[in-house]
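Asker: The sequence isn't on hand, but the structure is:
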């Protein structure tokens, strides 16, 4: 029997991507999709790729019915205010916002500038990257299934992931896991991003004549996703900088990591393979010939892959570790669906098979 | 049992697209993919989106084995020289080149500048647009199945379609079918195209600094696809012009058609609906609000849809009929797979379900 | 002594372009630049290319002082309401809006949907294309200089030009002038435009993720610039269609014109040379080799050139006549400054020498 | 009397940019422009922006005549082989290649992989950034003028600058000059570049369908421009990484620099102003509002400006220092012309007044 899921705030870009994935997911039935400003409209009016694929219409949140699992695609700060209501509608919640990503309330306050409004729910949430928390997700899913009653003990939340944090984490993780990082030196992560990152709402800076071909650094310091990298990688001396480039979908993170003296390219290969060889959505891209030698988000649009590569400067022990993703997929909705698959015991790749296009 | 198909000249863009579609097609098994210059390489070295999806390697044409159906993705002019060999390997051929599109040998000579080299095979080929030749394809497929022997009588060929011709034909067809065109006036089709149209081979004009944002008219008059439009639409006074714009995948055809005096918007709606309402891959896009009111190839990358729309100037009886496609999909490999589905009795949409991305 | 000019509504794109041209013009001093929403701000805050080039600040229209010549860069419909005030401030006005382009009040009403509000001033205005009205501009300038009093008789207005109309007119003009057009057949002009055409104000359709690489037909029929082409070319059966492509600056017009039977390429060369050989800002681009064989707006950003080319289909007598411009330059501010130069007796190319960039 | 200059290898992008600048330079006459593969062709066939602006034709190097100053725009490694001949033709040489940039022969060998072939000429060359070597250039120019004989003592060479090195140097220089850098920590420079950097020759990776919107890291470690930054900034622990983005002209360098604890934003303002306030081509861009708050190469196409900005993270003492240039201008031909101006006693900004375009 299909899992009945609903999506709150489905008119934006991550909401649209959830719809694209879930409408054709073999184990899922999309029950409702909400939008306050577009209630009553056909979904395809906001997501034109779904024309002739669904006659579903947006409804207001007020009309939301109980379901098996609820995806929340709202802006940061709103979920924590209404989380009780959402858990009253569904025992499983996957929240794409940043509200339940950080486990440390002090860290949360520092990066988000206010006290968390629903700290009592924090321990229900698992950070939403299956590659890092797969077993925890599986266990939570199994516990939920095995429980006799619908009590609070059975509520499970999965937080979404920050797209820039995700690219950074995939770039850094093999080096952390293998213990290769020289922790006396900083990790600088320079990130290039596409325009869909900032969402579907128009603003003066997104006006095409101003944005086309812009190379615009927009969070040179202090980007909030830094906190997710600190938490998930267990690093303190890590520094993110974001630069928007001409691209709609895509993130490329270049993590400049200094490794322990003596680390060889062979050591690095071993570390990357150990981290990723069994991962269905991670590919190591490090070729010597051809024009597709390094990870490039260009070819990842619509796919859930992370392409990871690296280069070592043996003279200085600097490794440039690259990770490319589609911010709306592996950086948001794709990881969310993947987490649902793990949580619900579906095939982990179900609904996420699209390989991406070339050329594009 | 899966249909065993092979692809000749699979390292180019239409070949890569065939691989993307066929490797995941529920009724098909890809046996071989040839490339003379890349024989021995992994397919994903040329088509990086297929990394981790297939370990298939290119082989040379010499190594080609018999199979159930052969796709040919070679440049124009080469297939007709070797067609006997290909038919000796497979009873069904889908040839994406222009070699077997034109039924009239004189027309062929006029537009391609030389005598056809395999006219004896012409009558085996069906023009590859299922929307125009579905019944013929079905019949040929059924005949082929029913036949007792593997004689020449059972050979079936399907020609590919010209991408620009296809966009033009979808724009014009409803008006032709409904008899609305004022044939005393010319039909001018102004076509905007993406850079993947000219294939995977580099040339000075495709060098990024020269091509990026170019608006370059490249066949103001005399484009060969004109002949396909004449043949399929039964029009004489039809004129195509191609302009390449900043885009990788996509064709937008604007057919400027003068209709019979008195034709109303209602008549046009009726004509478009009659032509397309039952077509799985054609959508009429003509909205009054929103930002997705007209057909735009931007959102069609990777999808097999044709989006069609129109606007009538009642003062002058001019209709601007628009059709948008992805040139590598509906304009080439997508239509080819769709034709295979019809020919072989598969679900017509099998393997072609990807709806496209938004935003992109 | 420098001509003192002021610019009304200078915070938009055409206003910014006027500032770029006039601040460095050898015969001109920029007195004031107005903006209601940015009054008090430095000009370089809206036009960042002018940082460190001028410390001028925007003022409100209320603060406008008398000057020698006033440029008006306001939206359509506003100038006609205040034209008396503007003429009280300056005896010479160059109005970039559409308010005084059409000479025929009935034509105005048809295309703009309302009665003209200042018809008494219409005869003071010269259509702003020096290539078509140079002598009239010169004469008006001379008369103005020679007059003893500042009476209404000495007021001179120059209307701006529609950018799409301008590209169309340059494409069509040689054929009209030489009498080569077969007037029994329609002239279809298919126009590709950049995003700066719709101005500096953000709107949902200009949001980068939606607009990037869009190929969006936005005035399939009924574009108002059609009226300017009718008026200036003396044609009735002329039809414009606009399609926005990925580009910030630039217009390419493809005029599909049927010429009289028997017209040869030599006749066409003669016609184009007769029309343009003495024009400082028109170049005929029709090469047989290289990658810059046809007019392309890509290389015209910032320059005042019109590049014009053509191709004849001798079988059908169709000529595709191409004209490329920068919409903010030859299509707006560049032509306005050129008109000022002619009107005021300056060197016609003064301030307009920038040749454009390659590559870009 | 105009300075007679010639340009060797003028058919490429930096050569074309030199021609654009020098043909309209008030103190210069362009005598000859060479190209081996295009000898006999008009210059505008390769540089279409110069059509109707010059009837000059390319000549072969064999036809090169003596002149006052010779610009060399050849690929790396070729100048050092023929430098004697070039000095026999002109007493002043400005060499845009990398041949005479590095002063230390061991450093040269390490980064370029071979022994320098003309070390005896190294001490004649001044590193070509006027902002760093203005007085040296002036002195060399004055000495050259004052000398009685045309002996070797009067030969003056100016090396070009690496475009990526230049952006990096402008980002780092204020911090070096003010002594603010914490030298126990690395300086990581992450650089985004446009496609014109790799020159006018087509290659598979520059094919539009592959390159458009690519975000392609191409020298993660070991980029040769690193050596120029080391030399000019006096830094050892400095690390460059290059990523090509969708852009034709432009470089944005983000230098991640750790400053001494306690450094304040006020200290940084002081340092940047001290370094750049008197520089005609450097602008500090650090605004609190608007959409043009940070340096962005987008608006610098064709201009000789460097836009510099910074952001301090007071918690971690990291400064992200940004510098944006047009790689063909300030990163190559613009700096070369500026150096010529200083060397020859011309107005330093002569021929370099173009402010850039907005929007673009």
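Answerer: Looks like it arrived, so ask away. Computed from a predicted structure; not experimentally measured.

Asker: what residues does the stretch 251-360 of chain A put near chain B?
Answerer: Within the stretch 251-360 of chain A, the positions lying close to chain B (Cβ under 8 Å from any Cβ of the partner chain) are A:283, A:285, A:287, A:289-290, A:292, A:299, A:301-303, A:305, A:307, A:353-360. Backbone N, C-alpha and C define where each C-beta goes, glycine included.

Asker: Would you mind checking the residues you listed for buried ones?
Answerer: A:283, A:285, A:287, A:292, A:299, A:301-303, A:305, A:307, A:354-360 (16 or more other Cβ atoms under 10 Å in any protein chain shown).

Asker: What separation is there between residue A:119 and chain D?
Answerer: According to Cβ to the nearest Cβ, to the nearest Å, residue A:119 stands 24 Å off from chain D.

Asker: Which residue comes closest to that residue once chain neighbours are left out?
Answerer: residue A:105 (5.8 Å; Cβ to Cβ, 6 or more residues apart in numbering or on different chains).

Asker: doesn't residue A:118 make contact with that neighbour?
Answerer: No. If you go by Cβ atoms under 8 Å, residue A:105 and residue A:118 don't touch, sitting 10.9 Å apart.

Asker: Between those two, tell me which one has more neighbours.
Answerer: residue A:118 (15 against 12; other Cβ atoms under 10 Å in any protein chain shown).

Asker: Next up, the contacts around that one.
Answerer: A:80, A:81, A:83, A:84, A:99 (Cβ atoms under 8 Å, 6 or more residues apart in numbering or on different chains).

Asker: List just the nearest of these to residue A:264.
Answerer: The closest of these to residue A:264 turns out to be residue A:99 (Cβ to Cβ; 42.6 Å).

Asker: For that closest one, which three-state class applies?
Answerer: Under the three-state scheme (DSSP: H, G, I helix; E, B strand; the rest coil), residue A:99 adopts coil.

Asker: gap between it and chain B?
Answerer: In terms of Cβ to the nearest Cβ, residue A:99 sits 24 Å off from chain B.

Asker: That residue against residue A:79, yeah?
Answerer: Yes. Using Cβ under 8 Å, residue A:99 is in contact with residue A:79, at 4.4 Å.

Asker: Could you verify that residue A:255 is part of a helix?
Answerer: No. Residue A:255: not assigned to a helix; according to three-state DSSP it is strand.

Asker: Among the residues of the stretch 251-360 of chain A next to chain B, which lie within helices?
Answerer: Assignment to helices by DSSP state H places none of these there.

Asker: Show me how far the helix or strand of chain A with the lowest mean pLDDT is from its chain's centre.
Answerer: Ranked by mean pLDDT, DSSP states H and E, the weakest helix or strand in chain A is helix A:130-146, scoring a mean of 92. Helix A:130-146 has its C-alpha centroid displaced from the chain centroid by 18 Å (Cα atoms, centre = their mean, to the nearest Å).

Asker: What residues of it count as buried?
Answerer: Residues A:130, A:131, A:132, A:133, A:134, A:137, A:140, A:141, A:144 are the ones in helix A:130-146 that count as buried (16+ other Cβ under 10 Å).

Asker: now do stretch A:339-348
Answerer: Within stretch A:339-348, judged by 16+ other Cβ under 10 Å, the buried ones are A:339, A:340, A:341, A:342, A:343, A:344, A:346, A:348.

Asker: cool, stretch A:203-221 as well?
Answerer: Buried residues in stretch A:203-221 (16+ other Cβ under 10 Å): A:205-221.

Asker: tell me the average confidence for that stretch?
Answerer: The pLDDT scores in stretch A:203-221 average 97.

Asker: before we move on, the earlier item: if we look at chain D, which of the buried residues of stretch A:203-221 are close to it?
Answerer: Near chain D, by the rule Cβ under 8 Å from any Cβ, you find A:205, A:207, A:209, A:210, A:213, A:214, A:215, A:216, A:217, A:218, A:220, A:221 out of the buried residues of stretch A:203-221.

Asker: And the furthest pair within those residues?
Answerer: Across these, the two lying at the largest distance from each other (Cβ to Cβ) are A:209 and A:221, at 28.3 Å.

Asker: Excluding sequence neighbours, find me the nearest residue to whatever residue of the stretch 51-200 of chain A ends up closest to chain C.
Answerer: With Cβ to the nearest Cβ, the shortest gap between the stretch 51-200 of chain A and chain C falls at residue A:195, namely 4.2 Å. The shortest distance from residue A:195 to any non-neighbouring residue, by Cβ to Cβ, 6+ apart, is to residue C:208 (4.2 Å).

Asker: picking up where we left off before, also near chain D: which of the residues of the stretch 251-360 of chain A next to chain B, exactly?
Answerer: A:359, A:360.

Asker: Now, the residues of the stretch 251-360 of chain A next to chain B that are in strands?
Answerer: Per DSSP state E, strands hold the following members of these: A:283, A:307.
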